[in-house]
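> what shape does this take:
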Amino acid sequence: MLNVSGLKEGFVLDHIRAGKSMSIYHYLGLDKLDCQVAIIKNARSNKMGRKDIIKIECSIDVLDLDVLGYLDHNITINIIKDEKIVEKKTLKLPKKITNVIHCKNPRCITSIEQELPHVFVLTDEKREIYRCMYCEEQYKK
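The predicted structure is shown next:
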């Protein structure tokens, strides 16, 4: 049995699809933070079969919920204070994301004006389709 100690203060990202925790770790920039991070891969789950879990001991303010919602809106965020879960947050697909994905259209203004932010807007929530705000190019996951 694997034992990872509890958190005094921080948050736990739960219900991450198995094998996706490392990409979430990099997208959120957790390698740049000065805090403790525990990644549990392929944990047993009654609901999902297998799942990944990330425990982060620092303030929730460092977490970009839009990035997390884009990557996997089925993740549950448990906020921990004084070693107890004080709040559970669920995610949803963000309406707009900035500098998470990049437009692949060579004719897009972002290819020429490289200092422009890459902004994508959710155009079809059911099919999870995002389009570039400038050229309307569809981004394929």
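> would you point out which residue is most central in this protein?
L68 (2.0 Å; Cα atoms, centre = their mean).
> just checking, next helix/strand downstream of whichever strand or helix holds it?
In the assignment (DSSP states H and E), L68 maps to helix 65-71. As assigned by DSSP H and E, the chain's next helix or strand after helix 65-71 is strand 76-81.
> so which bits of that following strand are buried?
Residues of strand 76-81 classed as buried: 77-80 (neighbour count, 16 or more other Cβ atoms under 10 Å). C-betas here are computed from N, CA, C, even on glycine.
> pretty sure Y139 sits against V100.
No. The criterion here is Cβ atoms under 8 Å, and Y139 misses it with V100 at 9.7 Å.
> report the contact partners of P117.
Counting by Cβ atoms under 8 Å, 6 or more residues apart in numbering, P117 touches 98-99.
> and the pLDDT for it?
Note on P117: pLDDT of 95.
> ok, now how distant is it from E83?
The spacing between P117 and E83, counted by Cβ to Cβ, to the nearest Å, is 39 Å.
> for this structure, which segments are assigned as strands?
Listed in chain order, the strands of the chain (DSSP state E) span 9-17, 36-45, 49-57, 76-81, 84-90, 96-98, 119-124, 129-132, 138-139.
> reformat the ones you listed as TSV; add distance to G29.
Shown next, in TSV, are the strands of the chain (distance: least, Cβ to Cβ, whole Å):
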stretch	distance to G29
strand 9-17	14
strand 36-45	11
strand 49-57	12
strand 76-81	16
strand 84-90	19
strand 96-98	14
strand 119-124	19
strand 129-132	21
strand 138-139	21
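> before we move on, back to that, switch the buried residues of strand 76-81 over to TSV; also include pLDDT.
Below are the buried residues of strand 76-81 laid out as TSV (pLDDT from 0 to 100):
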residue	pLDDT
I77	91
N78	90
I79	89
I80	88
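> from those, pick the one nearest Q36.
The nearest member of those to Q36, counting by Cβ to Cβ, is I80 at 12.3 Å.
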